[in-house]
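Undergrad: From the sequence below, what's the structure:
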Amino acid sequence: MPINFCSKRGDFDAKLTHPKMQDKRKFDKALLSFRRQELIESDSFYEQSEKEIINLKEPLQEIKLLDISEESKLSLENVKRLIQRNFSENPLAWWDRNKIEATLKVKEECKYEYIRYKPIQMNMEDTKDMQGIIKEHINLELIEPGVSAYSSPGFLVRNHGEIKRGKPRLVINYQGINKILEFDGYYIPSREHLIDYIKGAKVFSKFDCKSSFYQIKMESESKKFTAFSTPQGQYIWNVMPMGLANAPQIFQRKMDNLSKDYFEFMFVYIDDVLIASKNMKDHIKHLEIFSDACHREGLVLSEKKATIAVNKIEFLGILIDETGIKLQEHIVEKIRNFPDVLKDKKHLQSFLELLILQVCSNLPKLAIPQDEDELVVYTDANDYRWAAVLMKKTTTGEEPYRYTGGLFSEQQAQV
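TA: Residues are numbered from 1 along each chain as shown. Below is the predicted model:
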């Protein structure tokens with residue numbers, strides 16, 4: 001896969017091989033689009049969209065699958081039965097197979113700093129809902145009444161997802177406690193690296209872990225840091241709650257332990273798993289491997305969110321098929337519907353993040369690199385920031401593969 005480089009910064013213009021670096025208009029248009037990766041990092045990335053879910057309990061003929069042979073259908077039916085053993089509504093159903101616990105440590109300089117917040121006052125509706133949620137969590141052994149010198153406030157949220165689900169969600173504000181905890185520097189993979197994993201793939205399946213963080217128990221001495229307060233009393237978590245600074249890193253480590261030998265077809269981002277294969281025969285084999293790994297590690301999967309053996313799939317806010325990837329329509333729609341009037345500095349900042357509406361509404365589809373492709377890297381920078389575009393040479397011109405960019409640190413900016 002030969003790669004040519006083109007670079008430009010300030011008055012310095014380095015043209016290593018590619019003659020089209022002087023076509024600044026083309027490069028500017030690409031730069032306007034590379035921020036799409038930052039858009040995915042925004043809150044809109046996590047919004048849920050309407051999507052088709054495959055129920056694994058349905059007869060095979062009722063599921064919309066790829067056009068495959070009867071032999072493959074039979075094999076897929078057997079794989080479905082294998083995968084079903086990993087479904088449960090209880091996130092701790094098979095915890096004893098791995099016995100992973102989350103350990104939290106306080107920074108040395110904060111050992112005698114205790115974080116305590118008063119309970120958030122609630123109206124009658126929230127109070128009743130909170131009582132119901134607390135009772136439900138206690139019955140599931142997720143939490144228990146406790147005593148701790150630490151206490152973070154608990155409250156309920158009623159966003160679109162909760163309204164659709166028909167019940168509010170318990171949220172703990174761990175902002176105070178997170179400041180005194182030692183940070184876990186375990187690497188969380190970048191979503192843009194997904195492109196490397198799906199190269200040449202034509203068949204896809206995805207899975208979501210059931211109540212992901214709850215599948216990890218809290219180490220006994222660390223439970224006190226999870227304490228939260230409500231008008232009904234103080235409680236501590238028996239499992240790892242959402243909101244803790246190190247929770248994503250701890251769970252990613254667990255998932256990487258499961259998938260480390262299968263990186264060629266299995267992509268894991270915290271609690272989301274994508275299986276991507278070049279054909280149905282390979283896909284069935286990959287699903288068997290994944291099912292066995294889940295069973296061995298005691299990983300609990302969500303049946304409602306499983307999608308199996310399709311040629312187009314939504315994963316982490318991106319639509320994926322064999323031709324490439326693009327943003328989900330609801331994310332693009334949010335860009336199109338950005339308000340025309342900027343009310344204040346915050347609105348202006350949001351507008352600049354989304355760039356020019358007309359350009360962002362027609363973001364190009366990213367192609368998937370193949371081993372035989374000839375690639376060209378365009379780079380540009382000023383005194384404060386840098387940007388790069390990876391392009392593929394075609395018979396008619398070039399197609400974008402990836403955009404990236406960032407700010408220089410103080411030291412880098414002085415070079």
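Undergrad: now N86: how far from W94?
TA: Relative to W94, N86 is positioned 8 Å away (C-beta to C-beta, to the nearest Å). Where C-beta positions appear, they are placed from N, C-alpha and C, glycine not excepted.
Undergrad: Compare neighbour counts for these two and give me the winner.
TA: The residue with the greater number of neighbours, taking N86 and W94 and applying other C-beta atoms under 10 Å, is N86; the counts read 25 against 19.
Undergrad: can you list the domains in this protein?
TA: When the chain is parsed with automatic domain parsing, its domains come out as 3-48+328-413, 60-92+188-213+247-323, 103-186+217-237.
Undergrad: most tightly surrounded among the ones you listed?
TA: domain 60-92+188-213+247-323 (a mean of 18; mean count of other C-beta atoms under 10 Å).
Undergrad: The stretch 201-350 of the chain: helices as residue ranges?
TA: When assigned using DSSP state H, counting those that start in this stretch, the helices of the stretch 201-350 of the chain occupy the ranges 247-259, 280-297, 329-336, 345-354.
Undergrad: Compare the mean pLDDT across the ones you listed and name the weakest.
TA: Within those, the stretch with the lowest mean pLDDT is helix 329-336, showing a mean of 60.
Undergrad: For the chain, give me the ranges with low pLDDT.
TA: Counting by pLDDT under 70, the low-confidence segments of the chain come to 1-71, 160-165, 192, 194-196, 326-343, 346-365, 369, 414-415.
Undergrad: Do you have the strands of the stretch 151-300 of the chain handy? List them.
TA: Applying DSSP state E, counting those that start in this stretch to the stretch 151-300 of the chain gives strands spanning 152-157, 169-172, 203-208, 217-218, 228-230, 233-237, 266-269, 272-277.
Undergrad: The ones you listed: which one's closest to I100?
TA: In terms of C-beta to C-beta, the element of the strands of the stretch 151-300 of the chain nearest to I100 is strand 217-218, at 7.5 Å.
Undergrad: So what touches the closest one?
TA: The list of residues contacting strand 217-218 from outside it, by C-beta atoms under 8 Å, 6 or more residues apart in numbering, reads L92, W95, K99, I100, E101, A102, L104, T226, W237, N238, V239, M240.
Undergrad: go again using 7 Å as the cut-off
TA: The contact list for strand 217-218, computed with C-beta atoms under 7 Å, 6 or more residues apart in numbering, reads W95, E101, A102, T226, W237, N238, V239, M240.
Undergrad: just the buried members of these?
TA: Of all those considered here, the ones buried according to neighbour count by 16 or more other C-beta atoms under 10 Å are W95, A102, T226, W237, N238, V239, M240.
Undergrad: would you list those in JSON lines and tack on distance to A247?
TA: Rendered in JSON lines, the data for these read as follows (distance: C-beta to C-beta, whole Å):
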{"residue": "W95", "distance to A247": "16"}
{"residue": "A102", "distance to A247": "7"}
{"residue": "T226", "distance to A247": "10"}
{"residue": "W237", "distance to A247": "11"}
{"residue": "N238", "distance to A247": "14"}
{"residue": "V239", "distance to A247": "10"}
{"residue": "M240", "distance to A247": "5"}
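Undergrad: Now the two most distant members of those.
TA: Across those (C-beta to C-beta), the longest gap, 17.0 Å, separates W95 and T226.
Undergrad: What strands flank the strand or helix carrying K392, and is each parallel or antiparallel?
TA: K392 belongs to strand 385-394 when assigned by DSSP states H and E. Each strand paired with strand 385-394, and its direction, by DSSP bridges: strand 375-381 (antiparallel), strand 397-407 (antiparallel).
Undergrad: ok, I115 touching G176?
TA: Yes - with contact taken as C-beta atoms under 7 Å, I115 and G176 are classed as touching, separated by 4.1 Å.
Undergrad: Quickly list what's touching both of these two.
TA: If you check I115 and G176 against C-beta under 7 Å, 6+ apart, the residues they both contact are S152.
Undergrad: For G176, which residues are in contact?
TA: Applying C-beta under 7 Å, 6+ apart to G176 gives the contacts I115, Y117, S152.
Undergrad: Reformat those residues as CSV; add distance to N311.
TA: What follows is the contacts of G176, written out as CSV (distance: C-beta to C-beta, whole Å):
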residue, distance to N311
I115, 50
Y117, 50
S152, 45
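Undergrad: chain center to the strand holding K392, what's the gap?
TA: Counting by C-alpha atoms, centre = their mean, to the nearest Å, strand 385-394 is centred 24 Å from the centre of its parent chain.
Undergrad: Ok, which of the strands paired with strand 385-394 comes nearest D271?
TA: Distances from D271 to each of those were compared using C-beta to C-beta; the shortest belongs to strand 397-407, at 24.7 Å.
Undergrad: what's downstream of that closest one, the next helix or strand?
TA: helix 410-413.
Undergrad: Contacts for that next one next, please.
TA: Contacts of helix 410-413 with the rest of the structure, by C-beta under 7 Å, 6+ apart, involve D383, Y384.
Undergrad: Report the separation between the two terminal residues of stretch 99-117.
TA: Taking C-alpha to C-alpha, to the nearest Å, the first and last residues of stretch 99-117 lie 32 Å apart.
Undergrad: Name the residues that touch that stretch?
TA: Contacts of stretch 99-117 with the rest of the structure, by C-beta under 7 Å, 6+ apart, involve 149-153, 176-177, 180-182, 216-219, 222, 225, 229, 240, 246, 250, 254.
Undergrad: related to what we said a few turns ago, I'd like the strands of the stretch 151-300 of the chain as CSV, with distance to G298 appended.
TA: What follows is the strands of the stretch 151-300 of the chain, written out as CSV (distance: least, C-beta to C-beta, whole Å):
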stretch, distance to G298
strand 152-157, 28
strand 169-172, 25
strand 203-208, 15
strand 217-218, 12
strand 228-230, 27
strand 233-237, 19
strand 266-269, 16
strand 272-277, 15
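Undergrad: Compare the ones you listed and give me the one nearest F408.
TA: Judged by C-beta to C-beta, the one of these that comes nearest to F408 is strand 266-269, at 27.8 Å.
Undergrad: helices or strands up against the closest one?
TA: With contacts defined as 3 or more C-beta pairs under 7 Å, 6 or more residues apart in numbering; DSSP states H and E, the packing partners of strand 266-269 are helix 247-259, strand 272-277.
Undergrad: Just want the angle from the shortest one to strand 203-208.
TA: Think strand 272-277. Interaxial angle of strand 272-277 relative to strand 203-208 (axes from the mean of the first three to the mean of the last three C-alpha atoms, to 10 degrees): 160 degrees.
Undergrad: Thank you kindly, that will do.
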